[in-house]
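Colleague: using only what follows, build the 3D model:
(chains A and B)
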Amino acid sequence: MAGASIHPYHQQWMPPPQAQPAAAAAPPIPVENPNRSATDDVRTIFISGFPGDVKERELHNLLRWLPGFEASQINFKGEQPMGFALFSSPQHAMAAKNALQDLVFDAETKSVLHTEMAKKNLFVKRGVVANSSSLDQSKRLRTGGDYNYASYPTPPFHPPPPPVYGTPGYMAPPAPYDPYGGYPVPQVSMHTPAPMPAPSGYAPIQNTKDNPPCNTLFIGNLGENVNEEELRGLFSGQPGYKQMKVLHQERNTVCFIEFDDVNSATAVHQNLQGAVLPSLGRGGMRIQFSKNPFGRRKDTVNGSAAEHNVAPTTYQQ
DNA sequence: AGCACA
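Modeller: Just a heads-up that it's a prediction; the model follows:
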């Protein structure tokens, strides 16, 4: 226990704090959003549900992986800590909001995060954290910066999947957020070649059941007349993409996508969950891990149940 | 919710 889950993967950010290529002159261009509202330019999310002893750093380390993350802050004034996180665009913020929603922040204290779009943007001061006039302890905490401005310059990393599965005792609910996989947000970055068609948006998905992670994804809720090219265009651009198979069923279309490894699959599972394509009809696609990965057959080995007990009987580190 | 192909 007590093993604070520190992932050994440290983000390699760009040190130069002043090198902002075109950031100042390039306001984020929102992707075509049918339901634009007055709150369109809020790119800050409000996060509650922290345990009382949450640390600024914890929140920052959680958020720093998210695309477009710029800064975060915790306000310890009220009953319980209130977190705020600023992103580089409303889309990024929205995606982060969805990703963090209902995240189990601390299983022991049963802390579950709740996120909303903030009422107004988090104000980030450049330079020194607090000026001498109002050195308020509760406001002093602020992190983040402009090192993570756009999306990742390169696919950052592909660490092994989280060891959540198979943890006895505590059945982790299918948290919609996987800290190991960023999600690409619609093309709002300044200088991305945009090789792959971005989804036109994201819709919330109730993904109740899923299968254990594997290198193959099952895509559902595609409607009956999806444009296969659109699908292929979207997925073939994903890192680790190998092949895809579309299945036209009675009233529905489903699709299988194989990736190089489970990590790439997991990333896409997170990245494109709920992605909306123009031809989808309605709603977003539902992404699950396939029951049967490509290339692996159902285990009808030779008629026998094939209980190859190769599995280690003792678990020790 | 709908899971094929080798």
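
Colleague: got a pLDDT number for the closest residue to DNA strand B within chain A?
Modeller: Closest to DNA strand B within chain A is A:Gly220: 2.3 Å, counting by Cβ to the nearest atom of the strand. Where C-beta positions appear, they are placed from N, C-alpha and C, glycine not excepted. Looking at A:Gly220, its pLDDT is 94.

Colleague: now the one 3 residues further on
Modeller: The confidence metric pLDDT takes the value 88 at A:Gly223.

Colleague: burial of the nearest residue in space to it that is not next to it in sequence, as a residue count?
Modeller: Nearest non-adjacent residue to A:Gly223, counting by Cβ to Cβ, 6 or more residues apart in numbering: A:Gly281, 3.4 Å away. Number of residues near A:Gly281 (other Cβ atoms under 10 Å) recorded here: 14.

Colleague: hang on, A:Gly281 packs against A:Asn225?
Modeller: Yes - using Cβ atoms under 8 Å, A:Gly281 is in contact with A:Asn225, at 7.4 Å.

Colleague: measure the closest residue to A:Gly283 other than its chain neighbours to A:Ala95 for me?
Modeller: Distances taken as Cβ to Cβ, 6+ apart put A:Ala203 closest to A:Gly283, at 5.2 Å, once the chain neighbours are dropped. Distance, A:Ala203 to A:Ala95, using Cβ to Cβ, to the nearest Å: 12 Å.

Colleague: so between these two, which is more surrounded?
Modeller: A:Ala95 (24 against 17).

Colleague: what helix or strand is that one located in?
Modeller: In the assignment (DSSP states H and E), A:Ala95 maps to helix A:90-100.

Colleague: now swap in A:Ser72 and tell me
Modeller: Counting by DSSP H and E, A:Ser72 is part of strand A:69-75.

Colleague: C-alpha coordinates for the helix or strand following that strand, PDB please?
Modeller: Beyond strand A:69-75 in the direction of the C-terminus, DSSP H and E gives the next helix or strand as strand A:82-87. The C-alpha trace of strand A:82-87 is given here as PDB (Å, rounded to 0.1, in the frame of the first residue of the first chain):
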ATOM      1  CA  MET A  82     -12.000  23.500  -5.500                       C
ATOM      2  CA  GLY A  83      -9.800  22.900  -8.500                       C
ATOM      3  CA  PHE A  84      -9.600  24.900 -11.600                       C
ATOM      4  CA  ALA A  85      -7.800  24.100 -14.800                       C
ATOM      5  CA  LEU A  86      -7.100  26.200 -17.700                       C
ATOM      6  CA  PHE A  87      -6.800  24.800 -21.200                       C
END
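
Colleague: average pLDDT for strand A:82-87?
Modeller: 96.

Colleague: and chain A, which of its residues are near DNA strand B?
Modeller: Selection of chain A residues close to DNA strand B by Cβ under 7 Å from any atom of the strand yields A:206, A:208, A:211, A:216, A:218, A:220-221, A:245, A:247, A:249, A:252, A:254, A:256, A:258, A:286, A:288-298.

Colleague: give me the buried entries from those residues.
Modeller: For those, a burial check counting by 16 or more other Cβ atoms under 10 Å picks out A:Thr216, A:Phe218, A:Asn221, A:Val254, A:Phe256, A:Glu258, A:Arg286, A:Gln288, A:Phe289, A:Ser290, A:Pro293, A:Phe294.

Colleague: am I right that the last one is in contact with A:Asn215?
Modeller: Going back to what we said before, that points to A:Phe294. Yes - assessed by Cβ under 8 Å, A:Phe294 is found in contact with A:Asn215 at 7.0 Å.

Colleague: pull up the overlap in contacts between these two.
Modeller: A:Lys242, A:Glu258 (Cβ atoms under 8 Å, 6 or more residues apart in numbering).

Colleague: picking that back up, give me the angle between the strand holding A:Ser72 and strand A:82-87.
Modeller: 170 degrees (axes from the mean of the first three to the mean of the last three Cα atoms, to 10 degrees).

Colleague: any buried residues in strand A:69-75, and which?
Modeller: A:Phe69, A:Glu70, A:Ala71, A:Ser72, A:Gln73, A:Ile74.

Colleague: the second one and A:Glu79, how far apart?
Modeller: Taking Cβ to Cβ as the measure, A:Glu70 and A:Glu79 are separated by 27 Å.

Colleague: next, the contact list for A:Ala275, please.
Modeller: A:Pro199, A:Gly201, A:Tyr202, A:Leu234, A:Gly284, A:Met285.

Colleague: in what helix or strand does the fourth one lie?
Modeller: Read it as A:Leu234. helix A:228-236.

Colleague: other residues contacting the helix or strand just after that helix?
Modeller: The C-terminal neighbour of helix A:228-236 among helices and strands, as given by DSSP H and E, is strand A:241-248. Residues from elsewhere that reach strand A:241-248 (Cβ under 8 Å, 6+ apart): A:215, A:224, A:226, A:228, A:231-232, A:235-236, A:253-260, A:264, A:294.
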